[in-house]
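A.B. asks: here is my input; please provide its structure:
(chains A and B)
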Number of protein chains: 2
Amino acid sequence: MASIAEELAEKQQEISVGEFFERNKHILGFDSLTKSLVTAVKEGVDNSLDACEEAEILPEIKVKIEEVNDREYKISVEDNGPGIVKRKVPEVFGKLLYGSRFHEISQSRGQQGIGVSAVVMYGQLTTGKATLVRSKVKEKDYANEMKITLDTKNNEPEVLDEEVVIWEGKDHGMRFETTIKGLLRRGRHSVFEYLKNTAIVNPHARIEYVRNGNTTVFKRATDQLPEKTKAVQPHLKGIELGTLAKMAKNSKRRTLKSFLKHEFSRISYSKAEEICEYAGIDKKTNPGELEVEDCKDILKAAEKVKLMAPKTDCLSPIKGMLIKKGLKNVLKGKHPDYYAPPTTRDPEVFSGNPFQVEVGLVYGGDLPKDGPINVLRFANRVPLMYKKGGCAVTSAIKNIDWRIYGLDQRGGKGMPKGPAVVLVHVASTRVPFTSEAKEAIADIPEVIDEIEKGLRECARSLRTHLNREKKRKKVKKKFTVVNDILPMIAEKSAQIVGKETPELSKSMTKIMGVVYVDKNYEWDNGVCKIDIEIMNYTPKEKDMNLFFEKPYPETELLSSNEEPAHQGDHLEWKLESLKPSEKRKISIEFDGGLEKDDLDGTDVYIEGITETKLIGAEPLPDDWDIELAEIKEGQ
Amino acid sequence: MASIAEELAEKQQEISVGEFFERNKHILGFDSLTKSLVTAVKEGVDNSLDACEEAEILPEIKVKIEEVNDREYKISVEDNGPGIVKRKVPEVFGKLLYGSRFHEISQSRGQQGIGVSAVVMYGQLTTGKATLVRSKVKEKDYANEMKITLDTKNNEPEVLDEEVVIWEGKDHGMRFETTIKGLLRRGRHSVFEYLKNTAIVNPHARIEYVRNGNTTVFKRATDQLPEKTKAVQPHLKGIELGTLAKMAKNSKRRTLKSFLKHEFSRISYSKAEEICEYAGIDKKTNPGELEVEDCKDILKAAEKVKLMAPKTDCLSPIKGMLIKKGLKNVLKGKHPDYYAPPTTRDPEVFSGNPFQVEVGLVYGGDLPKDGPINVLRFANRVPLMYKKGGCAVTSAIKNIDWRIYGLDQRGGKGMPKGPAVVLVHVASTRVPFTSEAKEAIADIPEVIDEIEKGLRECARSLRTHLNREKKRKKVKKKFTVVNDILPMIAEKSAQIVGKETPELSKSMTKIMGVVYVDKNYEWDNGVCKIDIEIMNYTPKEKDMNLFFEKPYPETELLSSNEEPAHQGDHLEWKLESLKPSEKRKISIEFDGGLEKDDLDGTDVYIEGITETKLIGAEPLPDDWDIELAEIKEGQ
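C.D. replies: Residues are numbered from 1 along each chain as shown, chains lettered A, B, ... in the order given. Next up, the predicted model:
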């Protein structure tokens, strides 16, 4: 027997991290040829977007995929980010578990320091090729280029080749090129789809995609960078006992009170004292001397003491108007009837981690009417492409009876059907992914609950819209009848009685009681001329604001018969003292860079008129006011 | 800008493996309180079973769970394995990625060297408690006991306490005790269910489960240890290019020919030469000098040259009769009508990895008739408890139109309904799990295909059984009629014509044409008396073998009116020259350790009679012959 225990002992040995992940590449998202391509691009783009945002640069990303052999593709990702300093390049690309964000509590795409080095590893494993990395930081005149592989046995980078190059036209940025085994497919799980969806939730990014020579550009829909997220300290509620014990042991603070105050978020000195008291531990205790039982008491005390919820300035939601812009930008070719005002919920907390849910909903028009609705899932501005079935987003959608909001759904359960696209974005300092491949959000009750609430908000808007549409159809019919027939009757009657035709506008306003907006788009050699006519058919004088949403920030206003009161992502006109029966017309021209798909008639909003009295334009959604106010303030 | 790249560089740092897995404990199966308990027990039991089998010891495993606090459980797993030598205990329990099977290609439960150290880590993280490990190897008189924690920052074990103890009544073995946060639930995802299912596919193990003081024992259903699996070399087909390149680089062989011959399975010298020729590389090339392009050519050549499929003696299927025994052992309280002869498919290969599929199917009786069939999934003798929806087993079941085999299924797609339990076991040197938590088998086409084939085999048996049952009912009716009425008619007719009553057995045999088996079970003070009567109602003399399947290997035969020709897991009688109309009776008595549930009437088999002519017993399944032959040979 002894020999067996000894024999087994001889075989026991350390397993290298590199070899572990090489063997288990499927848990990093390299489990099929199609998916491997998407994963490789995704890891590169995630890093580029993170770096650009950290450096407050509007991202310009180029992705290129080229088939070089059967099931072998050369892929490259290039950005205009800050670049990586030379000495760090090998480790960032050639060492697993190496990164800057692991120990930080903040919202970012990458966190574990595995992503892009896993791509390098997968490339060398499947094609034997090294990865070529080029990086330029601003203050150097040249870029560094090196060929990197990963020594999986020791999890260390190997630099095969190194040179200095001039990077024409590039002030700073990063580019890597690698050759991997893969399969380029079209459809729901394609690289194209991933980039398209990335563009939706990153409207501040310009993404160029070259696929075997064919270029697609996802233009920037805004020049506004997302607010920079801040790293936060952990929150005492929801922290694991072992983590607390370790923090206490490693703390350099001299007292428990000061430890609680300085190493946790939302704890003031007085709160810290309160916690010590509840826990029955002297506040002057050296944190290094705390026993596990003490830590347990501290956690129990934290449950009893009222602590403020974690700070949420570590989160960066996309926010309403940009969600709409993002959706519009990629829905090209499909013109929905209705964009529900996107919902950005207030931040919430699960196990000490702040998170925030956003939902967008698009309906009708020429979206496909048959089959289930289209669901776009996102976490920290990254599209989730796989494992839809096991995702909290899907669970939340299935929990809702969509029939009451106007969608088809068998038995009021499961995936609803109809011409709708639903977008759900979960932002968090720690998105609870079901696996390291980050493909689905785990079914955390608090998260599902928030998603459900966000969905219901959008769904209610949809219901209101559908009801309003019914009403509007009626009113429009009435309007047409009144507008066409009343003058004829008046004229005829006047002829008969031999009097002058009476002024009808007053009667019209009495009958109609609406503000009517008429839009006309004309294209001339790529220049778009738009006439917007606003008619006040109510019995009262009205003040209102007219908003026109520009398709792209760079879209130039060539002319306008009235100077807009504000110009930015939106144009705004103040229409003051519009008298009953008065008409006003805004005529504008945009420059030639636009395509027909860029403008779809859902770009006009009116502020100041009750939605039931408004025909031909959308009311300005409530929560947009704030954003506009912010924009205005910022100028 | 420079400052930003520099600033980012400052934050770049190595991430410790320990901290990575601590943060990502959900990918190791610790993603909910209920699941954490199952995972902790599972990791312990997997290790114990692996160690026992490696040392060729019949496993005796004790699992104990005790609630010590709200949502806090003390769990322990004890085995009679070879034990772990003292110097290796800390690393086995206190270091992630440390193990004996990672670099081996063989069928085993654990492989990555993460399992049980993850339990230690999870325990200290959630309750702050260290894990107590006791180990005794045979040649020492004492056991070693130590308290272990895992220093996640450095991924190194810390031994807090260490002593020598006398382990009463234990020659060799291992035990660990840890306290973790969890939630003990009943139902489909419980520890009980996991252990029950483990018992099914490990019929050679005795498993005792003490849950808050209540003991359940899953008795051993066989004394046969599974065949010891062998480690094999990699197969050239399906190996990754990068792996081949690395092997070549590290090889100590002096020529390519010898490298191919000695480091890969199924390559002879002549095959090696053939490969070199196809690849256009000199067979005398030093493998260390091969370029990536050469390796590519070698892989291409491997596709062209006919190589034998990987060896399969590295696999250890459960095999038919033991699958039935395992199922029977745990189905207690439920008596199905029919056990389809379990199927053990021939080994197949995916990406160079051999695998083998086994399927069992149980039908009817008092299994629940409503709702979907019950599916038991296993991989390398480990039950898969979670992620049913994303598993290849489920995909394969849903692919089949079960209606043609006698089960309900809406539209011939999806999960079938009815009183059936289906067991699927996939054994492989590398089970393609979808995640490190090993919860589901990935949808590999080759694997799904094999599972489907196995399912169809069992399903066909079920269909045959159902048809036969219909026929049997008819024949039995006829038999009763003939048996009751014919003698009366004969007697009456004889009286009338004033002759002696004629001998009827010949006419009977002409009318019936079957062998009829009648069974009678009687219980007397726990002793079970069984009468089996075999009647030959065919016109020919018959030789046949009668098999009785003992419920447990230790069940003792107290008496038998005829000495069995063979005694083991089965009793066998040779019934020779049974003349037309002749009856023979076997009367046996078993010892008092049995409960009524242990014998359920499906334990009698007849060999030598066509199944259509056999009533009251099952024909001996074809593939059982081999096993019986092996048993006989072995004695």
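A.B. asks: residues from the stretch 351-500 of chain A in reach of chain B?
C.D. replies: Counting by C-beta under 8 Å from any C-beta of the partner chain, the stretch 351-500 of chain A comes close to chain B at A:K387, A:G389, A:G390, A:P432, A:F433, A:T434, A:S435, A:E436, A:A442. For the C-beta atoms, the positions are set from N, CA and C on the backbone; glycine is no exception.
A.B. asks: may I see the residues you listed arranged in CSV, with neighbour count, pLDDT and secondary structure as well?
C.D. replies: Below are those laid out as CSV (neighbours: other C-beta atoms under 10 Å in any protein chain shown; pLDDT from 0 to 100; DSSP: H, G, I helix; E, B strand; the rest coil):
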residue, neighbour count, pLDDT, secondary structure
A:K387, 19, 84, coil
A:G389, 10, 81, helix
A:G390, 18, 82, helix
A:P432, 21, 85, coil
A:F433, 19, 86, strand
A:T434, 21, 80, coil
A:S435, 23, 74, coil
A:E436, 22, 70, coil
A:A442, 19, 88, coil
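A.B. asks: quick check, nearest of these to A:L557?
C.D. replies: Nearest to A:L557 among these is A:F433, at 43.7 Å by C-beta to C-beta.
A.B. asks: widest-spaced pair of the residues of the stretch 351-500 of chain A next to chain B?
C.D. replies: A:G389 and A:E436 (18.3 Å).
A.B. asks: closest one of the residues of the stretch 351-500 of chain A next to chain B to B:M121?
C.D. replies: Nearest to B:M121 out of those is A:E436 (C-beta to C-beta; 16.6 Å).
A.B. asks: please tell me I have it right and the closest one contacts A:I114.
C.D. replies: Yes - A:E436 lies in contact with A:I114 (C-beta atoms under 8 Å); the separation is 7.3 Å.
A.B. asks: what sits in contact with each of the two?
C.D. replies: When C-beta atoms under 8 Å, 6 or more residues apart in numbering or on different chains defines a contact, the residues bordering A:E436 and A:I114 alike are A:L28.
A.B. asks: what about stretch A:227-236, start to end distance?
C.D. replies: 26 Å (C-alpha to C-alpha, to the nearest Å).
A.B. asks: do the same with stretch A:102-109
C.D. replies: 11 Å.
A.B. asks: now that stretch: mean pLDDT?
C.D. replies: Taken as a whole, stretch A:102-109 has an average pLDDT of 75.
A.B. asks: ok, and for it, which residues are buried?
C.D. replies: Neighbour counts over stretch A:102-109 (16 or more other C-beta atoms under 10 Å in any protein chain shown) mark A:F102, A:E104, A:I105, A:S106, A:Q107, A:S108, A:R109 as buried.
A.B. asks: can you list contacts of it?
C.D. replies: Stretch A:102-109 has contacts (C-beta under 8 Å, 6+ apart) with A:46-47, A:49-50, A:101, A:111-113, A:229-234, A:314-316, A:353, A:380-382, A:427-430, B:11, B:13, B:15, B:19-20, B:23.
A.B. asks: so among those residues, which ones count as buried?
C.D. replies: By 16+ other C-beta under 10 Å, the contacts of stretch A:102-109 give A:46-47, A:49-50, A:101, A:111-113, A:229, A:232, A:234, A:314-316, A:353, A:380-382, A:427-430, B:15, B:19-20, B:23 as buried.
A.B. asks: returning to what we had before: now the buried residues of stretch A:102-109 in a markdown table, with secondary structure?
C.D. replies: Converted to a markdown table, the buried residues of stretch A:102-109 look like this (DSSP: H, G, I helix; E, B strand; the rest coil):
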| residue | secondary structure |
| --- | --- |
| A:F102 | coil |
| A:E104 | coil |
| A:I105 | strand |
| A:S106 | coil |
| A:Q107 | coil |
| A:S108 | coil |
| A:R109 | coil |
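A.B. asks: and the residues you listed, which is closest to chain B?
C.D. replies: Checking the buried residues of stretch A:102-109 against chain B by C-beta to the nearest C-beta gives A:F102 as the nearest, at 4.5 Å.
A.B. asks: okay, now the residue nearest to A:D518 when sequence neighbours are not counted: neighbour count?
C.D. replies: Distances taken as C-beta to C-beta, 6 or more residues apart in numbering or on different chains put A:E533 closest to A:D518, at 4.4 Å, once the chain neighbours are dropped. Residues near A:E533, counting by other C-beta atoms under 10 Å in any protein chain shown, number 15.
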